[in-house]
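S.K.: sharing a model prediction with you, sequence too.
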Amino acid sequence: MEMNSTLFADLVEPILSKKFDGLYNSMKPEWSQIFTQEEGMKARFQETTLMFGFGLAREKPEGTTIESDQAGISYRVRMVFATYALSFAITEEMMEDSRDIDIASTCSQYLAKSMFETREIVHADVLNRSEDASYLLGDGQTLLSASHPLGIGGTWSNKLASPADLSEASLEDLLTMLSKAVDDRGNKIPLAAEDLIVPPDLWFDSIRILRSTLQAGTANNDPNAIRSTSALPNTPIKITRLTEESGYWIKTNSPNGLMSYRRRGIKKGMEGDFSTGNMRYKSSERYTCGVENPRCLWGSLGI
């Protein structure tokens, strides 16, 4: 019986999809270690409104009216959903020579790897662009900035005043800065450091700094204050797609921080092309990612 395109698709598409899913599901993502993933809005974009709360309570003299206060909007963050897609073609001759389906199966695994790698790079680029003026947050500043605006006026910073390479001292400076963090009304907020994020180039240095009992790389007998106080309690997170080789970031427990919104998950399919007789196998997904509240990260891109 001659194998027509419809029969070919019905027989082969499940095979390719099984190969695709097998590889895609076996790969361990890095981005999900630092991003919070949520389902996106059923719209072209994801929009989040960040608000500021009230100031301090006022002393009320006896018999007087309680003073009132108002909350407000700090800014709105809009992330546009992007569709990431790729396909490959199976020629008419490959369809006729069914043993070549093994090649198509291998190509479906390559496609799965490409989709996986794309997602990793897209998310890592949020940190890679920490000081890129072409990528501003909802408050009009880059991710790492000394000029993040406060809702009541004034600014705050989540970067070192003077750039510094990764060291025990530079981490202590960042930890001290975030311990003094305030909200948009200038009130202190209980931020806690959770993870140190580093590129592969700083992975071993970060382990030495955080895990040494005494001060790392010195002859001092002083204790390692970061370790002894559990200021950074977790093992550093290595993100291999980071291109800022000297950059490092401290992730905090701030809400609305590194966010990833899925508009539509992976979709796969096969269809024929009348003019060539080829069959095309494709995959696509829609998502967006970024930073809503920059208080989620304190860091430096090094020297």
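M.R.: Good, I have the coordinates.

S.K.: those strands in the stretch 151-300 of the chain, which residues are they?
M.R.: Remark: strands assigned in the stretch 151-300 of the chain by DSSP state E, counting those that start in this stretch are 155-156, 193-198, 237-238, 248-252, 258-272, 279-291, 297-300.

S.K.: the fifth one packs against which elements?
M.R.: In this case it means strand 258-272. helix 5-26, strand 36-39, strand 45-52, helix 101-128, strand 279-291 (3 or more CB pairs under 8 Å, 6 or more residues apart in numbering; DSSP states H and E). C-beta here means a position set from N, CA and C on the backbone, and glycine is covered the same way.

S.K.: pick the most deeply packed of those.
M.R.: strand 279-291 (a mean of 20; mean count of other CB atoms under 10 Å).

S.K.: circling back: ok, which of the strands of the stretch 151-300 of the chain comes nearest Val126?
M.R.: strand 279-291 (5.9 Å; CB to CB).

S.K.: hang on, the earlier thing: nearest to Asp139, out of the helices and strands packed on strand 258-272?
M.R.: Closest among those, using CB to CB: strand 45-52, at 8.4 Å.

S.K.: just to revisit the earlier point, let's have the strands of the stretch 151-300 of the chain in a markdown table, adding distance to Ile226 and mean pLDDT.
M.R.: A markdown table is the format used below for those (distance: least, CB to CB, whole Å; pLDDT from 0 to 100):
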| stretch | distance to Ile226 | mean pLDDT |
| --- | --- | --- |
| strand 155-156 | 23 | 96 |
| strand 193-198 | 9 | 97 |
| strand 237-238 | 16 | 98 |
| strand 248-252 | 11 | 98 |
| strand 258-272 | 22 | 94 |
| strand 279-291 | 25 | 95 |
| strand 297-300 | 14 | 98 |
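
S.K.: okay, those strands in TSV with distance to Leu127 next?
M.R.: Putting these into TSV (distance: least, CB to CB, whole Å) gives the following:
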stretch	distance to Leu127
strand 155-156	20
strand 193-198	7
strand 237-238	11
strand 248-252	6
strand 258-272	9
strand 279-291	9
strand 297-300	8
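
S.K.: to Ser147, which of those lies closest?
M.R.: Per CB to CB, nearest to Ser147 of the strands of the stretch 151-300 of the chain: strand 155-156, 4.8 Å.

S.K.: residues in contact with the closest one?
M.R.: The contact list for strand 155-156 (CB atoms under 8 Å, 6 or more residues apart in numbering) reads 146-150, 181-182.

S.K.: neighbour-wise, give me the winner out of those residues.
M.R.: His148 (22 neighbours; other CB atoms under 10 Å).

S.K.: what sits against that residue?
M.R.: Contacts of His148 (CB under 8 Å, 6+ apart): 139, 141, 155-158, 294.

S.K.: so it bridges to which residues?
M.R.: Trp156 (DSSP bridges).

S.K.: if we can go back for a sec, mark which of the contacts of His148 are buried, thanks.
M.R.: 139, 141, 156, 158, 294 (16 or more other CB atoms under 10 Å).

S.K.: tell me, how many residues neighbour the nearest residue to Ser167 once chain neighbours are set aside?
M.R.: In space, Ser167 comes closest to Ile209 once its chain neighbours are excluded; the distance is 7.0 Å by CB to CB, 6 or more residues apart in numbering. By the measure other CB under 10 Å, the count of residues near Ile209 is 26.
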